[in-house]
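Asks: curious how this folds, go ahead:
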Amino acid sequence: MNANRQLCIGFSLSATWMKGHSWRHPDSGVEKMESIDYYIELAKLAEKAKLDFLFRADYLYISPQMLGDSANFGSPDPTVMFAAIARETDRIGLVTTVSTTFNPPYVVARQLQSLHWLSRGRAGWNIVTSIEGAGNFGDSPMPSPQVRYEKAREFTDVVRELWASFPREAILIDRESGQFSDPDQVSSINHSGEFFSVKGPLTLPAHKSGTIPLFQAGASDIGRDFASSVADAIFAAMPDLETGVELRSDLRRRAEEHGRHPNSIKVLPGLYFFLADTRDEAQALFEAANAHFSTDRRHAALKSVLGLDLSNFELNDRVTGDLLPDPNQPVRSRTHAELLRRYIVNYQPTVREVLARPEVLGSAHWVSVGTVEDVLNDIMERFEAGAIDGFIALPGGSEQSMELFFEKLMPQLVEQGLFRGEYTGSTLKEHLGI
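Replies: Have a look, this model is predicted:
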């Protein structure tokens, strides 16, 4: 490992420690989730720890899992949330999520550039193609993954063309000549493609810090190809070390095939950690966070993720590759389906083990349970093995888990030389080393 290489660390601006039954504790503070003040407080904690960026996912639909016993105040527009947070912070990056399947590229280009201006160069765009929500935008069914990614590629090209259509250099502010801007530097893009026709130019100039960094979350084959061609960072699904090593190696190879340097792309899995003073306490937090997942609920989730029904099998029965359904059948998430298929083919796990997988319980995040030292060692192992370039922190179980992350784990990462102790820049591009 390069001795000068350091981790890139983001923080998920979602109350992940409220999952499962955790929100039911009298001191959980769950009521705070409905106020922007709570998220501003979290943002300030992350900035105090000198983290590179804040991250916020987005959903354009309400699923049954979001209601009932789930601590969830819905999905406010993350770009609007970050506009408020931008005024309360100074250095930390703000990575918002916007779908390319349901939005017009001109509006998105304008919103993101506006956030970039408000934050003085700290905006980032997490590009998603969405896996549900078509019914909220018309009568057409959800497009296939192939179509969604083709549309995402054109959408991203249009947005970047629009950002370039009004360069910062066009603003002259020449009082003596009376020329405020140079019209010759502002031009239409006149884009006409398969999915979009956009004239341009954009209604506001680029920020002096430069272009907005791009994030992408797809880890399916088609998602990897898209991400390796455009993204600066990948919010990767990475349930185990072996998956991480393969994914990062593959993305770096594909980046080179697209004419990019392999170091131009950072692989940042979600790290869903359960921190406590003892391993037993941490394990108790993990079990409480998943206590709402009954066996029946896990079977339903497995059927949704993979199209595989194991409800008539015993928990100790082995699941082998010949039981897997047609890989081309429609599933909720192609990324999670492919990860789970690979796990079953490689390990022939029991039904019990399949039902306990991150792909079934959540979003295929890397899960680490234990003391600060345990999770620190887990991070170091993956970093040294070449599985990660950093991670997005997802505290689990309780606010104490989050507090231990900020107060104990982050200082240890700094002490180990794996993370910087102070900001060296003021923009997201600088934090990412772009």
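
Asks: ok, Val80 - contacts?
Replies: Listed by CB atoms under 8 Å, 6 or more residues apart in numbering, Val80 has no contact partners. The C-beta positions use only the backbone N, C-alpha and C, and glycine is treated the same way.

Asks: which phi and psi does it have?
Replies: Note on Val80: backbone dihedrals following degrees, to the nearest 10 are phi -70, psi -40.

Asks: quick one: it from Leu94, how far?
Replies: Remark: distance between Val80 and Leu94 (CB to CB, to the nearest Å) = 12 Å.

Asks: do His191 as well
Replies: Distance from His191 to Leu94, by CB to CB: 27 Å.

Asks: among these two, which residue is more densely surrounded?
Replies: Regarding His191 and Leu94, a neighbour count based on other CB atoms under 10 Å identifies Leu94 as having more, with 26 against 18.

Asks: leaving out chain neighbours, which residue sits closest to the more buried one?
Replies: Nearest residue to Leu94, sequence neighbours excluded (CB to CB, 6 or more residues apart in numbering): Phe82, at 4.2 Å.

Asks: buried stuff in the one helix or strand the one you found maps to?
Replies: For Phe82, the host element (DSSP states H and E) is helix 78-86. By neighbour count with 16 or more other CB atoms under 10 Å, helix 78-86 contains the buried residues Pro78, Thr79, Met81, Phe82, Ala83, Ile85, Ala86.

Asks: same question, stretch 212-227
Replies: For stretch 212-227, by 16+ other CB under 10 Å, it's 212-220, 222-227.

Asks: likewise stretch 90-99?
Replies: Buried, per 16+ other CB under 10 Å, within stretch 90-99: Arg91, Ile92, Gly93, Leu94, Val95, Thr96, Thr97, Val98, Ser99.

Asks: which stretches of the stretch 1-150 of the chain have low pLDDT?
Replies: Scanning the stretch 1-150 of the chain for pLDDT under 70 picks out 1-3, 64-71, 73-74.

Asks: repeat that with 90
Replies: For the stretch 1-150 of the chain, the stretches with pLDDT under 90 are 1-5, 14-34, 58-76, 131-134, 138-141, 145.

Asks: mind listing the strands for it?
Replies: Taking DSSP state E, counting those that start in this stretch as the test, the strands found in the stretch 1-150 of the chain are 8-12, 53-55, 93-99, 123-128.

Asks: tell me which other helices or strands the second one touches.
Replies: Spelled out, that is strand 53-55. When contacts are defined as 3 or more CB pairs under 8 Å, 6 or more residues apart in numbering; DSSP states H and E, strand 53-55 sits against strand 8-12, strand 93-99.

Asks: for Arg352, find the nearest of those strands.
Replies: Taking CB to CB, strand 8-12 is the member of the helices and strands packed on strand 53-55 nearest to Arg352, at 28.7 Å.
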